[in-house]
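Engineer: Next input, structure requested:
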Amino acid sequence: MDFTYCEFPSTVSIDTFKAYFNLTDVKLPKVGGKSLDTSQNPSEIQEGQANQAKSLRHLVLDAIVENWSELPLYQQLRRREDRNYLLSHLDTQLPLQLLSTYIREDFFWQRCYGQRWRSAPLQARGRERPWINIYMERHVQEFIENMQTSDYEQEGNVQVVLDICAAYINQLDISFLQPAPPTTDANDHIPLDYLLSNLPDLRQLRLSYSTKTAGCNYQMGCNQLTARDILHLAKGLSQCHELRKFCLHNTKLMPYQLRFLAHSLDKGCHHLSEMSLLHCAVGDAGIRSFLETCSRESFNTLTILDLTNNKITEEGAYVLSRTLRNVPLQRLVLRLNPIQSDGAAAIFNTLQVMPIKELDLGTCGITETITKLFILLVCQHTTLLDIDLSNNSVGEEFGKHLMKIISCNKVIERLDLRNTGLSMDMRRKFQEFLVKNVERKKYEALKQKQRDKFKAMMQL
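Structural biologist: Residues are numbered from 1 along each chain as shown. Presented below is the predicted three-dimensional model:
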């Protein structure tokens, strides 16, 4: 059997194919430039293929492939085998608008992605996304990151890209933006308001205004968010009504800029569940400005808040703790902020009335003075699963007091106490207790499942 013409990969995996066919009896196609047929000498295979005349069917399909830009036939091909042959041989460098109009097959767009960017993104099993979406998102990302401010044309190149790609964009990760030329007075980046406003299905946005390759365009302030930049960003975010996750990182934010950001996220992103401001030097004044813009009903869908490395001190932690009471947070990250023990105390008091599950206070300058409040938190909180206190000088006495009461908590599953002054032996004992908690939960879940199954059988 001759499968040299690669008519199966879009519907059947190679592993499945090998399970039903003996490699010594068939000729397999080339995938990625490497032959899967190891039973014959490559020179003999090449010679055999050169002497083998193509069938009339394959000659017709080759003609369709060569003239596809003038006559794009795909739906007109009724046989699945003919379509697979077309998808395996069609040129991936054809105009993107033409390809996206007629072809949606995952196999073809995965092939396009691999030929253009080589490495493919990892996808969680069972939650695979369409490859046409992944391709379009990467295409728009490169378009935005490489666009010079002088090349931005809202009704020109920007509109052309949006017309082709906007319907497929669910996630966008912009890691840098090009700086303005040194000849200009302002350091403004390309405006993002029109781009974001025309992505109706955008659910995740990760953004940085930093510059990686400034080159000859470098000037003071080219890495900073300007007043015009924040106005454009706020205007765009206010139209992202389906946004679930927002992350702004490695971009210094001034207090007045945070007011615009808070207002646009609160009024425009009604389904926002995760917000991250990472390495943005927000400071206490920034936290205060952000929260002053919010009301008691603001961010009532937010479950994850990450404020890693933002120069927040105990004053900012206290202001933050007063507002968090009204937010249904499940994960709070204040890592690398010098909130010290006073700030941690304010956070602990607030957590008593919150359904928090994960708390990260690593490298926050916390000392042994927090011992009493932390023990109270561990004893009374019923939902906290994961606590990170790594790189804080809490000391050996903290560990001894905690060891006496840790058995009271049947919920916690992870407690990170690395580089806290605790001995290795004490940390090992904590770990053994946490493992027992995890095993107990698995056993209880199994018993509950069995009880539910028994009840369902009795109802029948």
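Engineer: how about low-confidence regions in the stretch 101-250 of the chain?
Structural biologist: 124-126, 214-218, 221 (pLDDT under 70).
Engineer: what about 80?
Structural biologist: Along the stretch 101-250 of the chain, segments meeting pLDDT under 80 span 119-127, 182-186, 212-223.
Engineer: show me where it has strands.
Structural biologist: With DSSP state E, counting those that start in this stretch as the criterion, the stretch 101-250 of the chain has strands at 171-174, 204-207, 245-249.
Engineer: What's the mean pLDDT across the very next helix or strand once past the longest one?
Structural biologist: Beyond strand 245-249 in the direction of the C-terminus, DSSP states H and E gives the next helix or strand as helix 255-268. Regarding helix 255-268, the rounded mean pLDDT is 95.
Engineer: repeat for stretch 282-290
Structural biologist: Stretch 282-290 comes out at a mean pLDDT of 96.
Engineer: Would you check that residue 284 makes contact with residue 312?
Structural biologist: Yes. Using Cβ atoms under 8 Å, residue 284 is in contact with residue 312, at 6.3 Å. To be clear about C-beta, it is placed using only N, CA and C from the backbone, and glycine gets the same treatment.
Engineer: between the two, which one's more packed in?
Structural biologist: Taking neighbours as other Cβ atoms under 10 Å, residue 284 and residue 312 compare with residue 312 leading, 24 against 20.
Engineer: got a list of what the closest residue to the more buried one other than its chain neighbours touches?
Structural biologist: With Cβ to Cβ, 6 or more residues apart in numbering as the criterion, residue 312 has its nearest non-adjacent residue at 4.1 Å, and that residue is residue 337. Counting by Cβ atoms under 8 Å, 6 or more residues apart in numbering, residue 337 makes contact with 307, 308, 309, 310, 311, 312, 313, 316, 317, 343, 364.
Engineer: want to try JSON lines for these, with distance to residue 94 as columns?
Structural biologist: Below are the contacts of residue 337 laid out as JSON lines (distance: Cβ to Cβ, whole Å):
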{"residue": "307", "distance to residue 94": "46"}
{"residue": "308", "distance to residue 94": "43"}
{"residue": "309", "distance to residue 94": "45"}
{"residue": "310", "distance to residue 94": "46"}
{"residue": "311", "distance to residue 94": "50"}
{"residue": "312", "distance to residue 94": "51"}
{"residue": "313", "distance to residue 94": "57"}
{"residue": "316", "distance to residue 94": "54"}
{"residue": "317", "distance to residue 94": "56"}
{"residue": "343", "distance to residue 94": "58"}
{"residue": "364", "distance to residue 94": "54"}
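Engineer: Weed out the non-buried ones from those residues.
Structural biologist: The neighbour-count test (16 or more other Cβ atoms under 10 Å) applied to those identifies 307, 308, 309, 310, 311, 312, 313, 316, 317, 343, 364 as buried.
Engineer: Please narrow those to those residing in helices.
Structural biologist: 316, 317, 343 (DSSP state H).
Engineer: From residue 201, how far out is the nearest residue to the last one once chain neighbours are set aside?
Structural biologist: Leaving aside its chain neighbours, residue 343 sits nearest to residue 317 (3.1 Å; criterion: Cβ to Cβ, 6+ apart). Distance check for residue 317 against residue 201: by Cβ to Cβ, to the nearest Å, it reads 37 Å.
Engineer: do the same with residue 448
Structural biologist: Applying Cβ to Cβ to residue 448 and residue 201 gives a distance of 38 Å.
Engineer: In terms of neighbours, single out the busier of these two.
Structural biologist: For residue 448 and residue 201, the more surrounded residue by other Cβ under 10 Å is residue 201, and the numbers stand at 13 against 10.
Engineer: Just give me the neighbour total for residue 244.
Structural biologist: The local packing of residue 244 (other Cβ under 10 Å) involves 17 other residues.
Engineer: Run a quick neighbour tally on the spatially closest residue to it that is not a sequence neighbour.
Structural biologist: The spatially closest residue to residue 244, leaving aside those adjacent along the chain, is residue 203, at 4.7 Å (Cβ to Cβ, 6+ apart). Neighbourhood size, residue 203 [other Cβ under 10 Å]: 16.
Engineer: which residues does residue 203 contact?
Structural biologist: 170, 171, 242, 243, 244, 245.
Engineer: Specify the beta-bridge partners of the second one.
Structural biologist: If I follow you right, that is residue 171. Beta bridges link residue 171 to residue 204 when assigned by DSSP bridges.
Engineer: Would you format the strands of the stretch 101-250 of the chain as a markdown table with mean neighbour count and distance to residue 293 included?
Structural biologist: Conversion of those to a markdown table gives the following (neighbours: other Cβ atoms under 10 Å; distance: least, Cβ to Cβ, whole Å):
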| stretch | mean neighbour count | distance to residue 293 |
| --- | --- | --- |
| strand 171-174 | 17 | 24 |
| strand 204-207 | 20 | 20 |
| strand 245-249 | 18 | 15 |
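Engineer: Same list, these, but as a markdown table with distance to residue 379 please.
Structural biologist: What follows is those, written out as a markdown table (distance: least, Cβ to Cβ, whole Å):
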| stretch | distance to residue 379 |
| --- | --- |
| strand 171-174 | 41 |
| strand 204-207 | 38 |
| strand 245-249 | 34 |
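Engineer: among the ones you listed, which is nearest residue 16?
Structural biologist: strand 171-174 (29.8 Å; Cβ to Cβ).
Engineer: Packing partners of that closest one?
Structural biologist: In this structure, strand 171-174 makes packing contacts with helix 131-146, strand 204-207, judged by 3 or more Cβ pairs under 8 Å, 6 or more residues apart in numbering; DSSP states H and E.
Engineer: go again using 6 Å as the cut-off
Structural biologist: Contacting strand 171-174 under the criterion 3 or more Cβ pairs under 6 Å, 6 or more residues apart in numbering; DSSP states H and E are the following elements: strand 204-207.
Engineer: Only the buried residues of stretch 394-411, if you could.
Structural biologist: So, applying 16+ other Cβ under 10 Å, buried residues of stretch 394-411: 394, 398, 399, 402, 406, 409.
Engineer: Stretch 163-171 too?
Structural biologist: 164, 165, 166, 168, 169, 170, 171.
Engineer: Same check on stretch 89-106?
Structural biologist: 89, 90, 96, 99, 100, 103, 105.
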